[in-house]
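J.: no sequence for this one, just the structure:
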């Protein structure tokens, strides 16, 4: 047999198996819930969708919709408050540990 025929047959069989597996595998749902609102389509005047990084707005203008898409800047990162505070479990400096009387000058010796 021709080597290219065998090679093509192997590739075609592998692709057929992969296509079958992809076809029968369950689909992952990206949305957990769906909200249905009652009303007539003619009463719809505006639709807004906001996400962390995107704002999408569709406004009805007669028989057509004007769609506006804006990319939002991510909020600035705030440093973690726990990381900026000193650990309370750490021992204070040596000077802070000494009592006030230890810091006071010694009284002069009284000689009789």
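T.: The structure has been received and is ready for your questions. Because the structure is predicted, anything quoted here is derived from the model rather than measured.
J.: okay, CA-based contacts and neighbour counts for the rest of this
T.: Will do.
J.: average model confidence for the longest helix seen in the chain?
T.: The helix that spans the most residues within the chain, counting by DSSP state H, is helix 3-24. Per-region confidence: helix 3-24 scores 93 on mean pLDDT.
J.: helix/strand/coil for residue 58?
T.: At residue 58 the chain is in strand, as set by DSSP: H, G, I helix; E, B strand; the rest coil.
J.: residues contacting it?
T.: With contacts defined as Cα atoms under 8 Å, 6 or more residues apart in numbering, residue 58 is in contact with 46-48, 65-68.
J.: that one pairs with what?
T.: For residue 58, the residues forming beta bridges with it (DSSP bridges) are residue 47, residue 67.
J.: from residue 37, how far off is it?
T.: Here the distance between residue 58 and residue 37 works out to 17 Å (Cα to Cα, to the nearest Å).
J.: which stretches of the chain have low pLDDT?
T.: Where the chain drops to pLDDT under 70, the residues are 1, 29, 31, 80-112.
J.: what about residue 43, neighbour count?
T.: By other Cα atoms under 10 Å, 8 other residues sit near residue 43.
J.: all good on my end, thank you.
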